[in-house]
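Asks: No sequence on hand, only this structure:
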Ligand SMILES: *Cc1c(COP(=O)(O)O)cnc(C)c1O
């Protein structure tokens, strides 16, 4: 079966062994000038047992071999700079190069956190300005920039809530979490010492407000809500939800990782949220993925402010800025120094470059998601029909009839030159396809994506085996993801049987020449 492929895909013959396997004795990538200093007796100096004449199995390769090896490997990764990265929930938007330029400016990149504060006024001003921008965007009163990820922001937020309630005399026992929440939310609540009570969504995918009213007791510390939810749906009754909680002395925590759908349009502080985190690495663009780097500032209402992590950025007389660690009610530190400074700089560069235009970025993100939704509706099953915000969630229900599931479709998408969407999340949609194009994509790129998804749907109907055995154009086929997680091989060791070494990586037999690994 021939496949029409509209996008540049990776070189099918591309293959690369480990650098150890390229080694041949005596090759080297450097030449030192003859020694012109007296030879010391290393044995006498260090003791013979510290001395090694060589590192066993250390690769011996030439300069061009080193260069090509790492250059080839660098082309194996998929990146936002190569094409659309519709990984729902992750907001893989374009990272403008000006952010990188600003973060590398001398005076920002070379400062040291132990520098005296009088000599760090510029850096502290950067932080101050970012705090102001984020407070304006969220409609909140105070903020900490310290947490290094969304999940750490959640934990910080819940610790603020706990500290506040404790000070009132009762930390309470439970945190309520809707079933559409991100997996980090329940994990966070447990780590913060709370019991989690799940709230089932109503049939349209929104929080069940009547059920919520029954569940909010004097024992509930907070509701953690993601808005828009992981279904990409805005919680339309959010002010009422806030009132229900506040009437019982409970607080409203908002997971703000989806602020890409709200920025410049509406402010959580205005619709009743008490505390929230932002994912600057998502909404305000940082190259992220593979576990980092991140930054998850927490914005809050005034009554939570005394509990902020130390040090707190304060303004002294004459506009001098200082870091204040002398705060009796603080929950303490959650991260070294002031947080991931380089990322905070990038986020500020992004926000200032857009200015009020940040609203258009939001609108474009929402338009792109809805454009894709409209063009794939009917081709893929849409389990919840309320308007989509910045992402759209389909299910594999139609393709499942032919035995093709969301993972198969995602793998086939790789053959069409796209990074897969998020599979099997959120959990309330069985076989979910979660698609978030972000505002970065042009109509042309969205069209290519739509075409690819339609083509795959047709393949799933006519030739399901083709989709089930995808990807076909990559160096390796289906990876044994469970095996890789449970029994990872993290270190190369010389062996007599090189074929056996990476064997578990291939679940399906490789039809192309076997790689030399
Ligand atoms: C990404 C995300 C998180 C977690 O953020 P990390 O920076 O990965 O810790 C939490 N909630 C939602 C909705 C997210 O999309």
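Replies: Yep, it's here. Just so it is clear, the structure is predicted and the values come from calculations on it, not from any experiment. Numbering: from 1, shown residues only.

Asks: use CA for all of it now, contacts and neighbours both
Replies: Noted.

Asks: Provide the count of other residues in contact range of residue 26.
Replies: Neighbour count of residue 26, defined by other CA atoms under 10 Å: 9.

Asks: er, residue 438 I mean
Replies: 31.

Asks: you'd agree it is up against residue 88?
Replies: No. Counting by CA atoms under 8 Å, residue 438 stays clear of residue 88, with 9.2 Å between them.

Asks: Now for the two: what residues contact both?
Replies: residue 391 (CA atoms under 8 Å, 6 or more residues apart in numbering).

Asks: Against which helices or strands is the helix or strand containing residue 364 packed?
Replies: Using DSSP states H and E, residue 364 sits in helix 358-376. Packing contacts for helix 358-376, counted by 3 or more CA pairs under 8 Å, 6 or more residues apart in numbering; DSSP states H and E, involve strand 392-395, helix 443-462.

Asks: Reformat those as JSON lines; add mean pLDDT and mean neighbour count.
Replies: Listed next are the helices and strands packed on helix 358-376 as JSON lines, based on pLDDT from 0 to 100; neighbours: other CA atoms under 10 Å:
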{"stretch": "strand 392-395", "mean pLDDT": "98", "mean neighbour count": "26"}
{"stretch": "helix 443-462", "mean pLDDT": "98", "mean neighbour count": "18"}
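
Asks: closest to the ligand out of these?
Replies: strand 392-395 (13.4 Å; CA to the nearest ligand atom).

Asks: which element follows the closest one toward the C-terminus?
Replies: Next element after strand 392-395 (DSSP H and E): helix 397-400.

Asks: Now tell me what touches that following helix from outside.
Replies: Residues from elsewhere that reach helix 397-400, judged by CA under 8 Å, 6+ apart: 379, 380, 381, 405, 431, 457, 460, 461.

Asks: now these as JSON lines including distance to the ligand?
Replies: Rendered in JSON lines, the data for these read as follows (distance: CA to the nearest ligand atom, whole Å):
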{"residue": "379", "distance to the ligand": "26"}
{"residue": "380", "distance to the ligand": "23"}
{"residue": "381", "distance to the ligand": "22"}
{"residue": "405", "distance to the ligand": "23"}
{"residue": "431", "distance to the ligand": "18"}
{"residue": "457", "distance to the ligand": "27"}
{"residue": "460", "distance to the ligand": "29"}
{"residue": "461", "distance to the ligand": "32"}
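
Asks: Quick check: the two most widely separated of the residues you listed?
Replies: Maximum pairwise distance in the contacts of helix 397-400, criterion CA to CA, is 16.9 Å, between 431 and 461.

Asks: I'd like the distance between residue 226 and the ligand.
Replies: With distances taken as CA to the nearest ligand atom, to the nearest Å, residue 226 is found 6 Å from the ligand.

Asks: which phi and psi does that residue have?
Replies: In terms of degrees, to the nearest 10, the main-chain angles of residue 226 are phi -100, psi 120.

Asks: neighbours around the closest residue to residue 78 other than its chain neighbours, how many?
Replies: Excluding the flanking residues, the one nearest residue 78 by CA to CA, 6 or more residues apart in numbering is residue 419, at 6.8 Å. Number of residues near residue 419 (other CA under 10 Å) recorded here: 21.

Asks: mind listing what residue 419 touches?
Replies: Contacts of residue 419 by CA under 8 Å, 6+ apart are 78, 83, 84, 85, 86, 87, 413.

Asks: For residue 36, grab the count of nearby residues.
Replies: Neighbours around residue 36, by other CA under 10 Å: 6.

Asks: I'd say residue 172 and residue 164 touch.
Replies: No. Counting by CA under 8 Å, residue 172 does not reach residue 164; the two are 10.8 Å apart.

Asks: Residue numbers of the stretch 1-150 of the chain in contact with the ligand?
Replies: By CA under 6 Å from any ligand atom, the residues of the stretch 1-150 of the chain that approach the ligand are 89, 90, 149, 150.
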